[in-house]
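Peer 1: compute the structure for the input listed below.
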Amino acid sequence: MHIGILQTGHAPDAMRPDTGDYADLFQRLLGGHDFDFTTWDVVDMQFPDGVHAAQGWLITGSKHGAYEDHPFIAPLETFIRDAYAAAVPMVGICFGHQIVAQALGGRVEKFAGGWAVGRQTYDWQGETVALNAWHQDQVVEAPEGAQVIASNAHCANAALVYGDRILTVQAHPEFDSAFTRRLGDTRGEGVVPPDLLTQARMTEHDPIDNALIADRMAQFLQAGARA
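Peer 2: Prediction:
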């Protein structure tokens, strides 16, 4: 199955030689699911010709806010609405989660409760799931028709599903603990409260459920392509 990755930001320059860019993280995360990938750097205004240029889509995270005035935001929202209308399956992660909600009528803002950084646990339809997070923005109002499938006390709309067409997750199943720690070192100092960075480092060796959510992402994309 051909998956188009819509890259909405870039990993820090200092990390990229070792970790690759955000699209590389997703290719590693979803390895073994019989996918092949093409990446479009939409943050740099490189867009696919249309929603049928791939059989499914994945929107990455970004340092940008969905509500900010960047040239790529409006065309990306149009692309999301077109993919939804055409029933081409899509997965959105962090910024991807937020921009999908915004494009379909929800509301995203800088959350008054502050940052979520490092390992977080979520109630995922009655199951406890642990993932690394890195966000201050969040979906504060889900679009009409979206179903909340994961939440915690800090993030009410931690994962949303839009029928069999779109699955989005606020946390980062593509981030392992080493990546999250380095992100804290490169982008966190002076931005994220020091106590949150310390807490994240204290729990960085606790288990996370990246593989579980990768399987669910893959199954969602594959099922949507067959529908």
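
Peer 1: contacts, neighbours, all on C-alpha from now
Peer 2: OK.

Peer 1: what lies in contact with stretch 6-19?
Peer 2: 20-23, 25, 39-43, 47, 57-64, 95-96, 179, 182-183, 186-187 (C-alpha atoms under 8 Å, 6 or more residues apart in numbering).

Peer 1: would you mind giving me the PyMOL syntax to select the buried ones in those?
Peer 2: Here is the PyMOL command that selects the buried residues among the contacts of stretch 6-19 (16 or more other C-alpha atoms under 10 Å):
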select buried, resi 21+22+23+25+39+40+41+42+43+47+57+58+59+60+61+62+95+96+179+183
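
Peer 1: what about the contacts of stretch 6-19, which are in helices?
Peer 2: Using DSSP state H, the members of the contacts of stretch 6-19 that fall in helices are Y22, A23, L25, F95, G96, F179, R182, L183.

Peer 1: quick check: closest non-adjacent residue to the last one.
Peer 2: Distances taken as C-alpha to C-alpha, 6 or more residues apart in numbering place P12 nearest to L183, at 7.7 Å, with adjacent residues excluded.

Peer 1: helix/strand/coil for the one you found?
Peer 2: The assignment at P12 comes out as coil when based on DSSP: H, G, I helix; E, B strand; the rest coil.

Peer 1: distance of H64 from F72?
Peer 2: Distance, H64 to F72, using C-alpha to C-alpha, to the nearest Å: 11 Å.

Peer 1: nearest residue to the most centrally placed residue in the chain other than its sequence neighbours?
Peer 2: Of all residues in the chain, the one closest to the mean position by C-alpha atoms, centre = their mean is I93, 1.0 Å from it. In this structure, I93 finds its nearest non-sequential neighbour in V169, 5.0 Å apart by C-alpha to C-alpha, 6+ apart.

Peer 1: ok, which stretches of the protein are strands?
Peer 2: Ranges of strands in the chain, per DSSP state E, are 2-6, 36-40, 56-59, 90-93, 107-110, 116-124, 127-135, 137-141, 147-151, 159-162, 166-169.

Peer 1: just put these in JSON lines and tack on mean pLDDT and distance to R226.
Peer 2: Output for the strands of the chain, formatted as JSON lines (pLDDT from 0 to 100; distance: least, C-alpha to C-alpha, whole Å):
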{"stretch": "strand 2-6", "mean pLDDT": "98", "distance to R226": "13"}
{"stretch": "strand 36-40", "mean pLDDT": "98", "distance to R226": "16"}
{"stretch": "strand 56-59", "mean pLDDT": "98", "distance to R226": "11"}
{"stretch": "strand 90-93", "mean pLDDT": "98", "distance to R226": "13"}
{"stretch": "strand 107-110", "mean pLDDT": "97", "distance to R226": "31"}
{"stretch": "strand 116-124", "mean pLDDT": "97", "distance to R226": "25"}
{"stretch": "strand 127-135", "mean pLDDT": "97", "distance to R226": "27"}
{"stretch": "strand 137-141", "mean pLDDT": "97", "distance to R226": "29"}
{"stretch": "strand 147-151", "mean pLDDT": "98", "distance to R226": "21"}
{"stretch": "strand 159-162", "mean pLDDT": "98", "distance to R226": "16"}
{"stretch": "strand 166-169", "mean pLDDT": "98", "distance to R226": "14"}
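
Peer 1: how many residues are close by M15?
Peer 2: M15: 14 surrounding residues under other C-alpha atoms under 10 Å.
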